[in-house]
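K.L.:
Below is the sequence, then the predicted model.
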Amino acid sequence: MEDKIAESQEALTKGSWKDFFSVDKMMDWGMNLAAILIIILIGLILLKIILRITDRGLKKSTADPILYTFVRNVIKVAAAIVLITMCLGVLGIQVHTIVAVIGAAGAAIALALKDSLTNIAGGVMIILTKPFSKDDLIDIGDVSGKVHHIDLFLTTLKTYDNKTITIPNGIVNTSVLVNHSQEEKRRVDCTFGIGYDDDIEHAKEIMRKVCDDNPLILTDPQPLIGVANHGESSVDMDLKAWCLTEHYWDVKYYLEEQVKVAFDENGIEIPFPQMDVHIHHQ
C-alpha cells in the first residue's frame, strides 16, 4: 500500500515538473516576460516625456526651484507604483489585492513617519506660499538668521555670528514668522534722551541735519522726529528714518553714533539715571 502511495506521489511530482517545463508553459512565461519588458520600456519612455514636459512647465512658472525636485520625485514614485502594479497584474496577481497591500503598507509607514510627514507638509506649504526665500533675514520664534537652505524636511538659517540653525518645517509652518527682507524699504527706529533744560526744537534740528547728511536715508517718506516720553531723568525723543532694506544696519549704526556726536558738539547732554545720597549726621 505504501509503495503505491509513493509511486503515485512520484508520478504526480514528475507530472508537475513536466507540466512546468512544458512548451506551453514556457511559452506563457516567455510571453509574460516579454509583456513586462514592453510595459517597463513604454513606461520609462512615457516617464521621460512627462518629466520633460513638467520641467518646461516649472521653468516657465514662478514656483520656487525647490518645488522642481519635489514634483519630479512625486512623479517618479507614482510611475514606479503604476509600473509595478501593471507588471504584477501580467503575472496574474489581482490588482485589488496589490492596491490593498500598498494601502496597508502606506498606512503603516505614514503612522511610523508621522513627524516626518508633518515636516514634509510644512515644506510643501513653505514652497507654495513663499513666506520667505533664500538669503532673507527672518525671525522664527526666538531664532533669527538669514535663510541659508530650504528643503522638504528642514529650513536652515545662518545667524549673525555665523552659527547654523536647523529648524523642522513643521515648526516653521506653525510658528509666528517675521520676514525683515521681503519689503523694499525698512524703517530705522532710534530713541535719544535729552535733558529737561535742553531746547527740544534745537534737538530736532540737529537730528534732522544728521539725517540729511546721509544719502542712504530716504526723503520719501520723510524722517519722523518727536517727543516720545517724559522719563524720570530725560525727555525721550524718537527718530524714525526710512532706508532701503539692505542698508538697514548701516543707517542704524550711523544714527546711533552721529546723533550722539552732534549732541555733544552742540552742548546737549544725553542724561543717565542718577541718584542723590544724603547723609544725616546725628
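P.N.:
Yes, it's here. All values reported here derive from a predicted model rather than from experimental measurement.

K.L.:
and the closest residue to residue 266 other than its chain neighbours, what helix or strand is that in?
P.N.:
In space, residue 266 comes closest to residue 206 once its chain neighbours are excluded; the distance is 5.7 Å by CB to CB, 6 or more residues apart in numbering. Glycine gets a C-beta too; all of them are placed from N, C-alpha and C. The secondary structure element spanning residue 206 is helix 200-212 (assigned by DSSP states H and E).

K.L.:
Just the buried residues of that helix, please?
P.N.:
Buried positions in helix 200-212, judged by neighbour count with 16 or more other CB atoms under 10 Å: 203, 204, 206, 207, 210, 211.

K.L.:
now do stretch 30-45
P.N.:
Burial within stretch 30-45, assessed by neighbour count using 16+ other CB under 10 Å, is assigned to 36, 39, 43.

K.L.:
Identify, from those residues, the entry nearest to residue 247.
P.N.:
Here the nearest of the buried residues of stretch 30-45 to residue 247, counting by CB to CB, is residue 43; it sits at 54.8 Å.

K.L.:
now the helix or strand hosting the closest one: mean pLDDT?
P.N.:
In this assignment (DSSP H and E), residue 43 forms part of helix 23-60. With pLDDT averaged residue by residue, helix 23-60 scores 79.

K.L.:
ok, now stretch 242-252?
P.N.:
Per-residue pLDDT values over stretch 242-252 give a mean of 94.

K.L.:
on that earlier part again, the residue nearest to residue 266: what's it in contact with?
P.N.:
Contacts for residue 206 were tallied using CB atoms under 8 Å, 6 or more residues apart in numbering; they are 259, 262, 263, 266, 268.

K.L.:
neighbours around the first one, how many?
P.N.:
Using other CB atoms under 10 Å, the number of residues around residue 259 comes to 22.
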